[in-house]
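Asks: sequence? don't have it. structure:
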């Protein structure tokens, strides 16, 4: 469907990059657009037909797309790889739970709603962590042990205080609300979860994930086939 087309992909996550690379095998040109302010119009290493751009400023009826830096192209299609918007219309929490710019809260360690803990918990809100499957396993074990009373959570007030301290630190560091659940390879959180349930995350796994990320950045086209020691 996109053969010989000029395609704009909006997003900068793993899905956006993977989809762009797949499309590039048949499309004439692929243009990645992301929120990153330091992005300059440049061709992606290892590809002849993938370019990176800033955010889109406006789109015209004739297919012209203007980016925030003033650069423009004429495209045949736009694909939105912008992630998910959290929405929980089925939950009735008497206004205890809020979703604001994709920040679900207030959640203790991204999992428990303090006012209803351990009865209401969220597994899998976090993203941008290299050991995501291990992280999900640990979150699930933590919830299970809290529900079975094998471990005790802090008091409601203690959990809320921890959450609001976290929010304050984000604000002081200029981190936007939409990045609340983005861990960006914060292995400290994974280690903390493991400690709660009496487990350990192997150092070799962390090292492997870091090497994988470095390899991906250095060899975006062939990182899956490159041997990393």
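Replies: Sure, I can see it. Since the structure is predicted, the reported quantities are computational estimates derived from the model, not experimental observations.
Asks: in the lowest-mean-pLDDT helix or strand in the chain, what counts as buried?
Replies: The helix or strand of the chain with the poorest confidence is helix 203-218; it has a mean of 74 (mean pLDDT, DSSP states H and E). Of all the residues in helix 203-218, those buried under the rule 16 or more other C-beta atoms under 10 Å are 206, 209, 215. All C-beta spots, glycine's among them, are computed from the backbone N, C-alpha and C.
Asks: which SSE is the residue lying closest to residue 106 once chain neighbours are set aside in?
Replies: Ranked by C-beta to C-beta, 6 or more residues apart in numbering and with sequence neighbours excluded, the top spatial neighbour of residue 106 is residue 163, at 4.2 Å. Under the criterion of DSSP states H and E, residue 163 resides in helix 156-172.
Asks: ok so, going back, ok, the residue nearest to residue 106 to residue 157 distance?
Replies: Between residue 163 and residue 157 the distance is 11 Å, computed by C-beta to C-beta, to the nearest Å.
Asks: and what of residue 31?
Replies: Noted for residue 31: a distance of 50 Å to residue 157, by C-beta to C-beta.
Asks: of the two, which one has the most company?
Replies: A side-by-side neighbour count of residue 31 and residue 157, using other C-beta atoms under 10 Å, places residue 31 first with 24 against 9.
Asks: now the helix or strand that residue 133 is a member of: buried residues?
Replies: Taking DSSP H and E as the definition, one finds residue 133 inside helix 132-147. Applying a neighbour-count criterion of 16+ other C-beta under 10 Å, the buried positions in helix 132-147 are 134, 135, 137, 138, 139, 141, 142, 143, 145, 146.
Asks: again, but for stretch 41-52
Replies: Along stretch 41-52, the positions that meet the burial threshold by neighbour count (16+ other C-beta under 10 Å) are 44, 49, 50, 51, 52.
Asks: ok, now stretch 179-195?
Replies: For stretch 179-195, burial by neighbour count (16+ other C-beta under 10 Å) applies to 180, 181, 183, 187, 189, 190, 193, 194.
Asks: end to end on that stretch, go ahead and measure it.
Replies: Taking C-alpha to C-alpha, to the nearest Å, the first and last residues of stretch 179-195 lie 25 Å apart.
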